[in-house]
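# give me a 3D structure for the following:
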Amino acid sequence: MTVSAQLAEHIASFAATDLPDTAITATARALLDGIGVMLAASGSSEDVQPFLRLAAAEPGPCTVLGTAIRSTPALAAAANGAMAHALDFGDTFDRGALHPHASAIPAALALTEARGGLDGRSLLAALAIGCDLTCRLGLALRQPMEQAGWYPPPLLGALGATATAARVIGLNADQVRAALSLTLCAVTAPGAIGSDPHSTLRATREAFAARAAVESVLLAEAGVRGFSDPIGGKGGFYALYAGGAFDPDDLFDTLGERFWGEALSFKPWPACRGTHAFIELALEALTAIPDLASIERIEVDVGEVQQMLVEPLAAKATPATAIAAKFSIPFTVALALQTGQVTLDDFGAESLADPAILMLSTRVVPRRRPDWGRDRATAGAMTIHLHGQAPWQGERLQPLGHPSNPLSSEALVEKFVACAAKASMPVADPRALADRLLSSAAAGTIASVFGD
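The predicted model follows:
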């Protein structure tokens with residue numbers, strides 16, 4: 001069997017009842033977190049508004065979270081997908097610098113609603129299988145996709161979202177393979193998404209992945225045929241985006257036994273995960289620095305992956321947009337030091353122009369750590385040099401939110417409640433909704449979780 005045939009068989013036939021309880025719990029936490037950040041974006045992100053207007057112009061059966069808009073499955077998935085990453089607050093797979101639920105949850109919710117409902121455990125199984133595929137595809141890479149000019153998260157996420165969507169509507173293995181082929185045709189992600197300092201596509205990129213997943217599975221169900229091996233074949237995913245360099249062992253080892261969704265990190269701060277170690281260190285340093293004016297310079301140790309968060313240094317020190325600020329170690333460090341916090345309210349125009357924050361930001365100096373490869377994508381170290389006193393130093397290899405240093409379920413609920421408060425429309429009893437989402441595996445239908 002080809003790589004794609006084996007994966008498609010697993011996606012189509014794995015029994016929801018065989019999903020480990022640990023994977024169910026982890027996926028319910030991810031569903032709670034993902035819905036929360038989409039609700040927050042509905043009322044606090046200008047970048048998502050064009051997607052909302054497009055969805056509103058074409059009525060349908062599917063909800064755009066946090067709004068009164070109901071649209072078609074594809075456009076609802078696109079709008080919710082835009083919101084899923086707009087605030088850069090969703091879960092991450094630190095080992096691969098991926099966001100495996102940012103397009104999968106929007107695609108799953110749209111199709112679940114369009115098809116009249118799904119039981120809670122089946123939805124969580126669909127999400128767990130899709131998330132696991134995204135992570136495995138990333139782990140199997142043996143050549144960085146960035147090397148050829150691509151931006152990995154939405155490309156890998158789109159394929160995982162397709163697996164999730166295929167489960168939701170019950171595609172067979174041949175149809176799954178066709179859907180993966182169609183997604184490969186429908187979605188792309190040039191590296192400019194991550195490098196252009198003025199573009200906001202970095203915020204809303206998952207719109208395209210979520211929409212592609214929905215349309216691909218519906219076309220596959222309708223009879224469109226795909227390629228025999230869209231993942232591992234000649235001209236397939238790895239050939240196109242990684243020079244054919246991948247290890248199938250990472251795709252199939254413990255497939256169906258270990259689910260990588262259990263290894264996700266949940267964000268305590270709404271910024272790129274690569275900034276979190278530095279935010280945590282800056283907040284800790286505040287207890288030892290009574291006067292910020294005493295700071296001469298702030299050295300930050302960065303590895304291969306974090307380099308993109310400090311270059312070009314002048315642009316990173318004075319970001320032009322909120323999403324650019326969230327992808328800046330100098331700005332987020334300065335924000336944490338100056339305000340003592342990093343919240344959803346701290347990336348507006350006022351903060352971007354705050355002279356006190358910008359003064360500190362320009363004092364951040366990166367120092368390359370050649371021993372920090374891709375396996376240290378979220379590590380950070382900081383030395384703050386001070387007038388007339390010894391420097392402050394700290395290091396974090398696994399910042400808060402990592403499975404080894406996790407956010408509790410109570411903390412996730414508090415995050416959800418704070419996010420829900422920013423929705424465009426009021427959310428009735430967000431704590432009760434959070435409790436229902438965390439226990440959604442037992443729900444007769446996922447619609448009942450939302451009170452429908």
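
# pLDDT weak spots in the stretch 51-200 of the chain?
Residues of the stretch 51-200 of the chain meeting the criterion pLDDT under 70: none.

# just the strands from it, written as ranges.
Assigned by DSSP state E, counting those that start in this stretch, the strands in the stretch 51-200 of the chain fall at 59-63, 70-71.

# what's the neighbour count on the nearest residue to residue 322 once chain neighbours are set aside?
Spatially, and ignoring its direct neighbours in sequence, residue 322 is nearest to residue 347 (4.2 Å; C-beta to C-beta, 6 or more residues apart in numbering). (Each C-beta comes from the backbone N, C-alpha and C, glycine too.) Residues lying near residue 347 (other C-beta atoms under 10 Å) number 25.

# correct me, but residue 347 touches residue 319?
No - the criterion here is C-beta atoms under 8 Å, and residue 347 misses it with residue 319 at 9.1 Å.

# the strand or helix carrying residue 301 pairs with which strands, and in what direction?
In the assignment (DSSP states H and E), residue 301 maps to strand 295-302. Strand pairing for strand 295-302, using DSSP bridges, gives strand 364-368 (parallel), strand 380-386 (antiparallel).

# and that strand, C-alpha only, in CSV?
Only the C-alpha atoms of strand 295-302 are listed here, as CSV (Å, rounded to 0.1, in the frame of the first residue of the first chain):
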residue,chain,number,x,y,z
ILE,A,295,18.3,48.6,32.0
GLU,A,296,21.2,49.1,29.7
ARG,A,297,20.5,46.2,27.3
ILE,A,298,18.6,43.0,27.2
GLU,A,299,20.4,40.1,25.6
VAL,A,300,18.1,37.3,24.3
ASP,A,301,19.5,33.9,23.3
VAL,A,302,17.8,32.5,20.2
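
# who does whichever helix or strand comes after it touch, helix- and strand-wise?
Using DSSP H and E, the next helix or strand after strand 295-302 towards the C-terminus is helix 313-317. Judged by 3 or more C-beta pairs under 8 Å, 6 or more residues apart in numbering; DSSP states H and E, the packing partners of helix 313-317 are helix 329-339, helix 355-361.

# buried stuff in helix 313-317?
Using 16 or more other C-beta atoms under 10 Å as the burial criterion, the residues of helix 313-317 that qualify are 313, 316, 317.

# residue 83 contacts residue 43, doesn't it?
No - between residue 83 and residue 43 there is no contact under C-beta under 8 Å: 9.8 Å.

# how close does residue 166 get to residue 7?
11 Å (C-beta to C-beta, to the nearest Å).

# returning to what we had before: quick one, which of the helices and strands packed on helix 313-317 gets closest to residue 240.
helix 329-339 (31.4 Å; C-beta to C-beta).

# what's the angle between the closest one and strand 295-302?
With axes from the mean of the first three to the mean of the last three C-alpha atoms, to 10 degrees applied, the angle from helix 329-339 to strand 295-302 works out at 130 degrees.

# rounded mean pLDDT for helix 329-339, please.
Here helix 329-339 scores 98 as its mean pLDDT.

# low-confidence stretches in the stretch 351-452 of the chain?
452.

# right, and the helix or strand after the helix or strand residue 419 falls within?
Using DSSP H and E, residue 419 sits within helix 409-420. For helix 409-420, the succeeding helix or strand toward the C-terminus, using DSSP H and E, is helix 430-438.

# and that following helix, what does it pack onto?
helix 21-44, helix 409-420, helix 446-449.

# among these, which is the most enclosed?
Comparing the helices and strands packed on helix 430-438 by mean neighbour count (mean count of other C-beta atoms under 10 Å), helix 21-44 comes out on top with a mean of 24.

# what's the spacing between that helix and its chain's center?
Taking C-alpha atoms, centre = their mean, to the nearest Å, one finds helix 21-44 lying 11 Å from the centre of the chain it belongs to.

# circling back to that earlier point, common neighbours of residue 83 and residue 43, please.
residue 66 (C-beta atoms under 8 Å, 6 or more residues apart in numbering).

# not counting its neighbours along the chain, what's nearest residue 158?
Residue 158 sits nearest to residue 209 (C-beta to C-beta, 6+ apart), 3.6 Å away.

# strands paired with the host helix or strand of residue 391, and their directions?
Assigning secondary structure by DSSP H and E places residue 391 in strand 389-396. Using DSSP bridges, the strands paired with strand 389-396 are strand 380-386 (antiparallel).

# chain center to the strand it pairs with, what's the gap?
How far strand 380-386 lies from its chain's middle: 28 Å, per C-alpha atoms, centre = their mean.

# what does stretch 339-350 give?
With C-alpha atoms, centre = their mean, you get 20 Å for stretch 339-350.

# neighbouring contacts of that stretch?
40, 44, 87, 89, 269-271, 279, 283, 286, 322, 325-326, 332, 335-336, 357, 418-419, 422.

# filter these to the buried ones?
40, 44, 87, 89, 269-271, 279, 283, 322, 325-326, 332, 335-336, 357, 419, 422.

# contacting residues for the closest residue to residue 330 other than its chain neighbours?
Nearest non-adjacent residue to residue 330, counting by C-beta to C-beta, 6+ apart: residue 364, 3.7 Å away. By C-beta under 8 Å, 6+ apart, the contact list for residue 364 reads 297, 298, 300, 310, 317, 329, 330, 333, 334.
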